[in-house]
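I'd like to go over a predicted model; first the sequence, then the structure.
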Amino acid sequence: MKIMKRKRMWAALWMLLAAMGQMGTFAQEISIDMKKDYPEKSVSLQEVAEVKYIPLGTTDDALFNGTIVNLSAEGIAGFNPKQGDIMLFDGNGKVTASFNHLGQGPNEYPQIYHLDVDWHRKEIYVQDNLREKVRIYASDGKYLRTVPTKGTMKKNSLFHFSDTHLVYYMQPASRSFSPYRPVTLMSKKDGTTATLPFTKKENENVKATGGPFGDMKMMAKEVGSLYKMGNEVYVNEVTDDMIYVMESATGLKPVVRRTPSWQEPAGKDFFLVLQGVNARYYFFKRQEALLYFKGNAATETQSTYVAYDRRNKEVSRLSFTNGDYPSLDIPLSKLMQCAGAPNRCFFLLEAFKLKEALEEGKLKGALKGIAEKLDEEDNPVLMVVEFRK
């Protein structure tokens, strides 16, 4: 009976993938020229977005100094990577849960590589790469179950996709690389998997040379390949010339094209990395592919951040200002985090820095009123930016 049930689940999943179909033709003319020196542009957030502030509640059990991974009307989720703390807040910033299952036990995670939340099911999915598993907990921290993954997930690549499935990006199986399908749908119930019709053809990451390596080229850092922006999941394989969005009914739809092609010699200097999507902009990093050592560190000297304005169909090296905090520099690299709700990006404001700015008379409006009520050791204030179309 178990074998027949598993076969039926496999058949249903493959029917879903068949219905998704193959990748369509390029439809939306978003193009990023990797060689062009785009102009600098500064925009007031209040001109293009609604800005509000959510002080994250502070308790003895919920001291937050980590990463926000999900921001929605249902709640806010984040974790402290080093300590292993997982924290949930409601939409107003009140702490609803704080727990830690760091350890080597069967119901624990030795390290958090990433996590996501299904608010409807009230489940939290923790990426455990060291054991090639996903640990699933209830929203109150109670352990529920563990499902194994097919291969090792790429860091920061596990996401809630639907009521029944997660999606993740699978690492190459071995150092002897051969093309494979990395985008994997996995059942939340038992880990049954199937891959989408997208092939990874090359295995490239940012490399470094010089310094202790001499003329050798060594991997410096991984480049992300799967991103969740709002409710949409994007496939950004950097050696492909397209960025795709996953569609539940039609599979992968290309949305962004890079020029020149990665396959051309002129195209191999930079990777195009999607960093954020909202109602008004696409945010990108033009990541230099080869870094050079200066002293003991490999530094980026040519990487740039650009934004595509969906209204004006323009590309620029964009930065933002905030009327409530005019002296605060908000480069594009800092306002790219968009997760959970379809159109909410965010920026963390440290409490002690807000108190300093308040004393120096640098704050205005709603942010000034919030800072007046803070203590220096409080959790950060979440600046939430909802862009207008």
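Sure thing, it's come through.

and this protein, what are its domain boundaries?
38-60+204-389, 64-201 (automatic domain parsing).

could I get those as CSV with mean pLDDT, mean neighbour count and distance to residue 31?
To be clear about C-beta, it is placed using only N, CA and C from the backbone, and glycine gets the same treatment. Compiled in CSV, those are given as follows (pLDDT from 0 to 100; neighbours: other Cβ atoms under 10 Å; distance: least, Cβ to Cβ, whole Å):
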stretch, mean pLDDT, mean neighbour count, distance to residue 31
domain 38-60+204-389, 91, 17, 5
domain 64-201, 92, 18, 21
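
which among the ones you listed is found nearest to residue 32?
Among those, domain 38-60+204-389 comes nearest to residue 32, with 5.3 Å by Cβ to Cβ.

returning to that earlier point: output the domains of the chain as a markdown table; include the columns distance to residue 30.
Formatted as a markdown table, the domains of the chain follow (distance: least, Cβ to Cβ, whole Å):
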| stretch | distance to residue 30 |
| --- | --- |
| domain 38-60+204-389 | 5 |
| domain 64-201 | 19 |
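
for residue 29, which of those is the nearest?
Proximity to residue 29 (Cβ to Cβ) singles out domain 38-60+204-389 among those, at 8.0 Å.

chain center to the closest one: distance?
Averaging C-alpha positions (Cα atoms, centre = their mean, to the nearest Å) puts domain 38-60+204-389 10 Å from its chain's average.

what about it, how long is it end to end?
Start-to-end span of domain 38-60+204-389 (Cα to Cα, to the nearest Å) is 22 Å.

okay, helices next: where are they in the chain?
Along the chain, counting by DSSP state H, helices occupy 2-20, 45-48, 351-359, 365-372.

CA atoms of the shortest one as PDB?
These are the backbone C-alpha positions of helix 45-48, laid out as PDB (Å, rounded to 0.1, in the frame of the first residue of the first chain):
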ATOM      1  CA  LEU A  45      11.500  57.100  -0.600                       C
ATOM      2  CA  GLN A  46       8.500  59.200   0.200                       C
ATOM      3  CA  GLU A  47       8.100  60.100  -3.500                       C
ATOM      4  CA  VAL A  48       7.900  56.500  -4.700                       C
END
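
show me the contacts for the nearest residue to residue 78 once chain neighbours are set aside.
Using Cβ to Cβ, 6 or more residues apart in numbering and skipping the chain neighbours, the partner closest in space to residue 78 is residue 68 (4.3 Å). Residues near residue 68 by Cβ atoms under 8 Å, 6 or more residues apart in numbering: 76-78, 337, 339, 346, 348, 382.

could I get the residues you listed as CSV with distance to residue 110?
Below are these laid out as CSV (distance: Cβ to Cβ, whole Å):
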residue, distance to residue 110
76, 25
77, 20
78, 19
337, 26
339, 24
346, 29
348, 26
382, 29
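
tell me which two of these sit farthest apart.
By the measure Cβ to Cβ, 77 and 348 form the most distant pair in those, at 14.0 Å.
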